[in-house]
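Colleague: test case, fold it:
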Amino acid sequence: MDNNEPKRPIEEFTTARIRALCRAGFQESIPRLIAVAKGETVDASSSNSTRANDSLGKYGLGRRPDLLLDRAEWLEVVLKVTKNHIPDPSQFQTWWSQVLAGMEEMR
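Modeller: Okay, the predicted model is just below:
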C-alpha cells in the first residue's frame with residue numbers, strides 16, 4: 001500500500017449511507033403517514049393528521065420552483081397572449097406563434 005496516496009474523506013461516504021437509510025425509512029413509513037393523514041388510525045388526533053398531510057405534501061410535491069427571467073416583460077407578453085387562447089386548446093399553435101412574435105418584438 002502506498003503511504004503517499006491521499007485518504008478519501010470518510011464523511012462523504014457516511015453522509016451518503018445515512019441519507020440512503022433515511023430515504024428507505026421514509027419510504028417504509030409512507031403507508032402509516034397516509035393512514036394518519038386520512039384519520040384511519042385510532043391514535044391519530046387532528047393535529048397529527050394535519051402534520052402527516054403536511055409531511056406528505058412537503059416531500060411528495062416539493063417546493064415551488066423559482067422562476068428567473070432576464071427579461072421579465074416577456075412574461076407579460078405570454079400572459080396577455082395566453083389569456084386570448086386558453087379557452088380553446090386547439091389554438092395552441094397560434095398562441096405559441098404569437099408568444100414568440102411578441103418576444104421577438106422586444107429584442
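Colleague: and A24, how many neighbours?
Modeller: 10 (other C-beta atoms under 10 Å). In short, each C-beta sits where N, CA and C put it, glycine included.
Colleague: so what does the lengthiest helix in the chain touch, helix or strand wise?
Modeller: Looking across the chain with DSSP state H, the single longest helix is helix 10-37. Applying 3 or more C-beta pairs under 8 Å, 6 or more residues apart in numbering; DSSP states H and E, we find helix 10-37 packed against helix 46-61.
Colleague: distance from the chain centre to the helix it packs on, please.
Modeller: In terms of C-alpha atoms, centre = their mean, to the nearest Å, the centre of helix 46-61 is found 15 Å from the chain centre.
Colleague: average model confidence for that helix?
Modeller: What helix 46-61 shows for mean pLDDT is 82.
Colleague: buried residues in it?
Modeller: Neighbour counts over helix 46-61 (16 or more other C-beta atoms under 10 Å) mark 49, 52, 55 as buried.
Colleague: what's near enough to touch the residue most central in space within the chain?
Modeller: Geometric centre of the chain, nearest residue: G62, 3.6 Å, by C-alpha atoms, centre = their mean. Counting by C-beta atoms under 8 Å, 6 or more residues apart in numbering, G62 touches no other residue.
Colleague: would you list the buried residues of helix 46-61 in a markdown table and tack on distance to D88?
Modeller: What follows is the buried residues of helix 46-61, written out as a markdown table (distance: C-beta to C-beta, whole Å):
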| residue | distance to D88 |
| --- | --- |
| S49 | 41 |
| A52 | 41 |
| S55 | 40 |
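Colleague: fine, thanks again, bye for now.
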